[in-house]
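Chemist: A predicted structure for the sequence below; I have some questions about it.
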Amino acid sequence: MKTSIATVSISGSFRDKLTAIAQAGFDGIEIFEQDFLASDFSPREVGYMVRDHGLEITLFQPFRDFEGLPEPHRARAFARAERKFELMNELGTDLILICSSLHPEAMGGIDRAAADFHELGGIAAKHGIRVGYEALCWGRYVNDHRDAWEIVRRADHPNIGLILDSFHTLARRIDPDTIRSIPGDRIFFVQLADAPAIDMDLLYWSRHFRNMPGEGDLDVTAFTRAVLATGYAGPLSLEIFNDQFRSGLPRLVAQDGLRSLIALTDQVRRNEPSLKIDLPDFPAPTPVEGVEFIEFASSRDDAPVLESLLAAAGFEHAGRHRSKQVSLWRQNGVNLLVNTETEGFAHSAWLTHGTGVSELGLRVSDAQDSFARAIALKAAAHDPLGQNAAELDIPGIRGVGGSLIRFLDGKNDLWQVDFEISDPQPKGAGLAKVDHIAQTMAYEEMLSWSLFYTSIFPARKAPVVDVVDPDGLVRSQAIDTGALRITLNGAETRHTLAGRFIEDTFGASTQHIAFACDDIFATAQAMAARGFPVLKIGANYFDDVEARFGLHPDLTERLRAHNIMYDEDGSGSFLQFYSQPLPGGLFFEIVQRSGGYGGYGGPNAPFRIAAQKRNILPFGMPRS
Ligand SMILES: O=C(O)c1ccc(O)c(O)c1
Ligand SMILES: [Mg+2]
């Protein structure tokens, strides 16, 4: 499988784009004519530059408003096309994309268009050029790949073929299986793009909101399956018009592009095993089965404040690492590690971000398999733990925001091998497991983080919700990877609580950890007795929530007494309260889910954030 990406998908100068695309490992690029025109290089120079980067030019595009024109426009369109064929010979590429016409003078008619293409095929052949015809989904007469194919079929010329673009097919909700009956050798090129489900004008949606396959809501997998089932063996090329990518880091966007193509084609071969996919074999995604540990990087001086918050939340000191300055805090099945080493990864993480989450230990069915999949998807391997021969060798990858993810399975017991356990089963205050981990990033990076998780794990994404902060908007997207749920919070401004966290911690990822319990009132009581610094919620909130859900006043009174917020969805209810933040901004949430409640208390978030902003002095700081 040849991979390719259009120059429009990446920001920067022509040379920046090429470098990023080549470094990410693509085989080819589509040259978007505007990018060529804006550059200062001759066509020959561009050709040399591309090939010097080890890339090939898979496509030159777009040529607009060709077919169905009356004279004198028609003759001019042919002359214009011929000029481009000459240019392409200098560039060193043989395939041009013509998109369906929007010309005000254009006339409809499949046969008229087919006749134009038949004639153009003859001219193209003389220049050694092939022409691919693409239906723009907002095209004036042709806006459906089935009509574009009919024109190509009737044009009946070996130098005229079809170009398919997942966006144009899927945005119009055309069944991608209609592609299966097109002969694969008549499909000259395939462009791939996803997009979030937003109800808007097709052209505007396409030019601003496309994203990488897997980052949006279109069924690009079904589209690609249908394409490959035809026997099409040309490049799969990303053509992504996206406002954030246009200003994003070229290297990051290109890397994400390749990751998305690998994940997509892997999914295609798993869903349709009869297809021959030219992709190295690697393990299937398997769910996270549990959070084995969360490690905090800290220092000898800073750790006591964190540890007093852990103690107040019911965690008990339950052991220590056999050879490192790492202590284990435990409560039922929840293991938290506090690392105060003065060298190594955790120490660097503490130096960079302050006290915060530096590592997630995830339990999976086979640690080596999960690791191998992540590496195949271009995650960066981290040095294994256990250089020290007595320690467990736990495979790890660089996660997002500079933290690490470790994969653990049942083959070895980390707690027996690496730790001295003093209290195997402290009961604590009733926290039973990690419910979710909330990670914060700049809004521009949100798609990249979500792709990271959804490509490695069999993850489900919830729709993005807007969370109103008094000083801006935060977009929040929940990802469910099995036993671990992650909420990604994309901050638009540095004035939001999330934005301030990124700034104050120099880009730490985990802003809060939510723990689940079975009886939140008992847990709240037990924590209060231990001095838990609960976040105080304003009285107006409780009046409203009682009216909104028709709660019994006794229940409202208990909620108010413990600063517990309430939510319901169609299938259950949700109770939640929060800690005050630690210095740096990390905080804890305690939740109880009942019935099949699947959310995160989103409607409560604005009131929680407002309360946090009123309460700016972190836990552990002297209040004078
Ligand atoms: O938005 C456009 O005009 C445009 C141009 C070329 C394409 O291949 C495409 O999918 C869209
Ligand atoms: Mg296209």
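Modeler: Everything's here; your move. Residues are numbered from 1 along each chain as shown. Ligands and ions are numbered 1, 2, ... in the order given.
Chemist: isn't residue 174 right up against residue 147?
Modeler: No: in this structure residue 174 lies outside contact range of residue 147 using CB atoms under 8 Å: 10.4 Å. Every residue, glycine included, has its C-beta placed from N, CA and C.
Chemist: count the residues that sit near the residue of the stretch 101-250 of the chain found nearest ligand 2.
Modeler: The nearest approach of the stretch 101-250 of the chain to ligand 2 comes at residue 165, 3.5 Å away (CB to the ion). Using other CB atoms under 10 Å, the number of residues around residue 165 comes to 25.
Chemist: so the closest residue to it other than its chain neighbours: helix, strand or coil?
Modeler: Leaving aside its chain neighbours, residue 165 sits nearest to residue 191 (4.1 Å; criterion: CB to CB, 6 or more residues apart in numbering). Secondary structure, DSSP: H, G, I helix; E, B strand; the rest coil: residue 191 is strand.
Chemist: partners of residue 191 in the sheet?
Modeler: With DSSP bridges applied, residue 191 shows beta-bridge pairing to residue 165, residue 237.
Chemist: correct me if wrong: it contacts residue 238.
Modeler: Yes: because the distance of 7.4 Å satisfies CB under 8 Å, residue 191 is recorded as touching residue 238.
Chemist: out of these two, which sits in the more crowded spot?
Modeler: Set residue 191 next to residue 238 and count neighbours by other CB under 10 Å: residue 238 wins out with 32 against 25.
Chemist: what sits against that one?
Modeler: By CB atoms under 8 Å, 6 or more residues apart in numbering, the contact set of residue 238 is 4, 5, 6, 9, 191, 192, 193, 212, 213, 257, 260, 261.
Chemist: the last one sits in which helix or strand?
Modeler: Assessed by DSSP states H and E, residue 261 sits inside helix 250-271.
Chemist: and that helix, what's buried?
Modeler: 250-269 (16 or more other CB atoms under 10 Å).
Chemist: now do stretch 67-75
Modeler: Under the neighbour-count criterion of 16+ other CB under 10 Å, stretch 67-75 has 67, 68, 69, 73, 74 buried.
Chemist: cool, stretch 474-488 as well?
Modeler: Neighbour-count burial for stretch 474-488 flags 474-482, 484-488 (criterion: 16+ other CB under 10 Å).
Chemist: give me the pLDDT for the closest residue in space to residue 589 that isn't next to it in sequence.
Modeler: Spatial nearest neighbour of residue 589, excluding adjacent residues (CB to CB, 6+ apart): residue 514 at 3.9 Å. The confidence metric pLDDT takes the value 97 at residue 514.
Chemist: so residue 514 sits in a strand?
Modeler: Yes: under three-state DSSP, residue 514 sits within a strand.
Chemist: I figured it was touching residue 436, is that so?
Modeler: Yes: under the criterion of CB under 8 Å, residue 514 makes contact with residue 436 at 4.8 Å.
Chemist: mutual contacts of the two, please.
Modeler: Counting by CB under 8 Å, 6+ apart, the shared contacts of residue 514 and residue 436 are residue 600.
Chemist: mind checking how far the residue nearest to residue 165 is from residue 278?
Modeler: Separation of residue 191 from residue 278 (CB to CB, to the nearest Å): 19 Å.
Chemist: over to residue 443?
Modeler: For residue 443, the distance to residue 278 equals 36 Å [CB to CB].
Chemist: now whichever residue of the stretch 301-450 of the chain sits closest to ligand 2, what's its secondary structure?
Modeler: Using CB to the ion, residue 447 is the residue of the stretch 301-450 of the chain that sits closest to ligand 2, at 19.7 Å. Three-state call for residue 447 (three-state DSSP): helix.
Chemist: excluding chain neighbours, what is closest to it?
Modeler: With CB to CB, 6+ apart, the residue lying closest to residue 447 is residue 215, at 4.7 Å.
Chemist: is that neighbour in contact with residue 446, as I believe?
Modeler: No: taking contacts as CB under 8 Å, residue 215 lies outside contact range of residue 446: 9.4 Å.
Chemist: and the two? Which one has more around it.
Modeler: Neighbours were counted for residue 215 and for residue 446 using other CB under 10 Å; residue 215 has more, 25 against 22.
Chemist: pull the residues that contact the helix or strand hosting residue 548.
Modeler: For residue 548, the host element (DSSP H and E) is helix 539-549. With contact meaning CB under 8 Å, 6+ apart, helix 539-549 is reached by 551, 553, 556, 559, 560, 565, 566, 568, 604, 607.
Chemist: report pLDDT for the nearest residue to the second one once chain neighbours are set aside.
Modeler: Spatial nearest neighbour of residue 553, excluding adjacent residues (CB to CB, 6+ apart): residue 546 at 6.7 Å. Residue 546 is assigned a predicted lDDT (pLDDT) of 96.
Chemist: and residue 546, how far from residue 17?
Modeler: 57 Å.
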